[in-house]
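>>> Predicted model and sequence below, questions to follow.
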Amino acid sequence: MRHLLPFQLTALLATLWGGAAQAQPTLTGTAPRANSHNVAPTAPITVSFSQALSGNSITALRVFSTQRGGMRSGQSGTTIVGGNQLSFIPPTSWKPGETVRTTVTTDARNTAGQALAKGHVFDFTAATGGNGLGTLTNVGGSSFSMGAYPNALRLADVDGDGDLDVLSSNSNYYGGTPLSVRLNNGAGQFSGGSEIPVASDAQGSRSLTVGDIDNDGDLDVLATDNVYKVSVCLNNGSGVYTVANIMELGTTKLTDLELADIDADGDLDCLMYGAALTSSGC
Ligand SMILES: [Ca+2]
Ligand SMILES: [Ca+2]
Ligand SMILES: [Ca+2]
């Protein structure tokens with residue numbers, strides 16, 4: 001039998017080591033950290049990985065505002081790859097107290113083309129202003145009309161002008177319209193008479209949620225009736241909504257719903273609850 005000399009063995013091991021498959025990249029940290037509160041209004045989002053990323057990994061970072069601009073990344077701001085970090089720099093401040101939802105998808109790849117093993121989702125909350133003591137002061141203000149008997153309210157900048165507008169799901173015991181939108185003039189005064197004919201039963205619309213479900217940079221609306229229907233309303237960017245779809249979920253007697261990227265693939269999914277728990281992709 002022929003024996004390998006020591007230098008020959010060393011060369012063989014080096015060859016084997018050099019040919020071994022590189023591990024997939026892993027996510028090692030985020031800034032802001034998941035579930036952080038009091039995040040600075042203009043804070044960038046930075047995700048760190050175990051390896052340097054390829055340049056086309058910029059599509060892996062998806063940033064969803066719940067109050068302004070909907071899908072921020074890819075629509076506004078700048079996403080950059082730098083070594084083992086992927087960052088998003090917002091062009092406008094986060095809204096005070098808003099929840100920002102972030103997904104890192106498996107589009108993140110190392111320079112050898114290997115994908116992140118699994119997607120990752122994290123949220124943070126932007127800092128609020130004021131004195132931070134929870135003291136509210138009545139400064140007067142004006143009243144305004146929504147549809148009759150609102151069941152639920154949401155604040156979001158639906159027309160993209162930088163101020164928060166208001167939406168309500170309404171009962172329609174007396175024939176009112178089930179979903180109302182009122183626009184802010186920037187000074188906290190609301191006007192307009194936009195009424196959206198979402199699906200409703202005898203008790204109107206029970207609840208609503210806001211998110212950018214078509215990834216075009218504006219905030220869309222999902223609204224439930226009181227039984228089993230969910231209306232999908234798409235925004236034209238100016239706060240004008242069209243009912244694009246009505247989902248029928250069976251006899252679940254819906255109570256509330258929420259949008260979040262449940263499967264970490266970069267789009268918002270919808271979780272609804274009522275008499276029975278039902279989840280559905282949007
Ligand atoms: Ca607005
Ligand atoms: Ca949208
Ligand atoms: Ca998803």
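Everything's here; your move. These numbers come from a predicted model, not from an experiment. Ligands and ions are numbered 1, 2, ... in the order given.
>>> drop to CA atoms for contacts and neighbour counts, all remaining ones
Noted.
>>> Identify the residues contacting Gly186.
Taking Cα atoms under 8 Å, 6 or more residues apart in numbering as the criterion, Gly186 is in contact with Gly162, Asp163, Leu164.
>>> Tell me if it really is in a strand.
No - counting by DSSP: H, G, I helix; E, B strand; the rest coil, Gly186 is not found in a strand; it is coil.
>>> how close does it get to Thr111?
46 Å (Cα to Cα, to the nearest Å).
>>> Roughly how far does Asn170 sit from Val181?
11 Å.
>>> Name the SS class of the residue nearest the centre of the chain, please.
The centroid of the chain falls nearest to Phe64 when counting by Cα atoms, centre = their mean (3.2 Å). Going by three-state DSSP, the secondary structure assigned to Phe64 is strand.
>>> and it, how far is that from ligand 1?
Note on Phe64: its distance to ligand 1, by Cα to the ion, to the nearest Å, is 17 Å.
>>> list the contacts for that residue?
Applying Cα under 8 Å, 6+ apart to Phe64 gives the contacts Gly70, Met71, Arg72, Ser73, Val100, Arg101, Thr102, Gly211, Asp212.
>>> Phe124 too?
Neighbour list for Phe124: Pro32, Arg33, Ala34, Asn35, Ser36, His37, Val39, Thr99, Val100, Arg101 [criterion: Cα under 8 Å, 6+ apart].
>>> Switch these over to JSON lines; also include pLDDT and neighbour count.
Formatted as JSON lines, the contacts of Phe124 follow (pLDDT from 0 to 100; neighbours: other Cα atoms under 10 Å):
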{"residue": "Pro32", "pLDDT": "97", "neighbour count": "21"}
{"residue": "Arg33", "pLDDT": "96", "neighbour count": "15"}
{"residue": "Ala34", "pLDDT": "95", "neighbour count": "15"}
{"residue": "Asn35", "pLDDT": "93", "neighbour count": "13"}
{"residue": "Ser36", "pLDDT": "95", "neighbour count": "15"}
{"residue": "His37", "pLDDT": "91", "neighbour count": "17"}
{"residue": "Val39", "pLDDT": "96", "neighbour count": "21"}
{"residue": "Thr99", "pLDDT": "94", "neighbour count": "20"}
{"residue": "Val100", "pLDDT": "96", "neighbour count": "21"}
{"residue": "Arg101", "pLDDT": "95", "neighbour count": "23"}
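>>> so of those residues, which ones are in helices?
The helices, defined by DSSP state H, take in nothing from the contacts of Phe124.
>>> Ends of stretch 156-173, what's the gap?
Start-to-end, stretch 156-173 (Cα to Cα) is 26 Å.
>>> Strands along the stretch 51-200 of the chain, start to end?
Counting by DSSP state E, counting those that start in this stretch, the stretch 51-200 of the chain has strands at residues 61-65, 78-82, 85-89, 99-104, 120-126, 150-156, 165-170, 179-184, 190-196.
>>> okay, the angle between the last one and strand 165-170?
Read it as strand 190-196. Going by axes from the mean of the first three to the mean of the last three Cα atoms, to 10 degrees, strand 190-196 is angled at 40 degrees with respect to strand 165-170.
>>> Would you mind naming the residues that bridge with the residue nearest to the centre of the chain?
Met71, Arg101 (DSSP bridges).
>>> likewise Leu86?
Bridge pairing for Leu86 - DSSP bridges - gives Val47, Val81.
>>> Next, the contact list for it, please.
Applying Cα under 8 Å, 6+ apart, the residues near Leu86 are Thr46, Val47, Ser48, Ser57, Ile58, Leu61, Thr79, Ile80.
>>> In a markdown table: the residues you listed, plus distance to ligand 1, pLDDT and neighbour count.
Output for the contacts of Leu86, formatted as a markdown table (distance: Cα to the ion, whole Å; pLDDT from 0 to 100; neighbours: other Cα atoms under 10 Å):
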| residue | distance to ligand 1 | pLDDT | neighbour count |
| --- | --- | --- | --- |
| Thr46 | 28 | 98 | 19 |
| Val47 | 30 | 98 | 19 |
| Ser48 | 34 | 98 | 19 |
| Ser57 | 32 | 97 | 23 |
| Ile58 | 29 | 96 | 22 |
| Leu61 | 26 | 97 | 26 |
| Thr79 | 25 | 96 | 22 |
| Ile80 | 29 | 97 | 17 |
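>>> Of those residues, just say which sits nearest to ligand 2.
Minimum distance to ligand 2 across those is 17.5 Å, recorded for Leu61 (Cα to the ion).
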